[in-house]
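Colleague: quick check, what structure comes out for this input:
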Amino acid sequence: MARYREPNGVEPPFSEDDIQREQFGPRGVPGAPDPAKMTPQREKKTPKNVDPGHTA
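Modeller: Numbering: from 1, shown residues only. Next comes the predicted model:
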């Protein structure tokens, strides 16, 4: 049986975490909102304009 492998550098559309969150909710409670919030300090540090950079 041949296994399908993602090419190097290509991520699958959904991770295992995404699948689990869809099934069980963010904290294990289906249908509950995600209580995680970005702190003001982290929001200030997060760049607004993300430049993907160069490949070479």
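Colleague: let me see the ranges of the helices in the protein.
Modeller: Secondary structure of the chain (DSSP state H): helices at 16-24, 40-45.
Colleague: relative to the whole chain's centre, how far out is the shortest one?
Modeller: Using C-alpha atoms, centre = their mean, to the nearest Å, the distance from the centre of helix 40-45 to the centre of the chain it belongs to is 19 Å.
Colleague: just name the most buried of the helices of the chain.
Modeller: Highest mean neighbour count among the helices of the chain (mean count of other C-beta atoms under 10 Å): helix 16-24, with a mean of 11. The way it works is simple: take the backbone N, C-alpha and C, and place the C-beta from them, glycine included.
Colleague: in this structure, which spans are strands?
Modeller: All residues of the chain lie outside strands when identified by DSSP state E.
Colleague: for it, name the helix or strand with the lowest mean pLDDT.
Modeller: Every helix and strand of the chain was ranked by mean pLDDT, DSSP states H and E. The lowest is helix 40-45, at a mean of 79.
Colleague: low-confidence stretches in this protein?
Modeller: Applying pLDDT under 70 to the chain flags residues 1-7, 38, 56.
Colleague: where's residue 30 relative to residue 18, distance?
Modeller: In this view, residue 30 and residue 18 are 15 Å apart by C-beta to C-beta, to the nearest Å.
Colleague: from residue 18, how far off is residue 11?
Modeller: In terms of C-beta to C-beta, residue 11 sits 11 Å off from residue 18.
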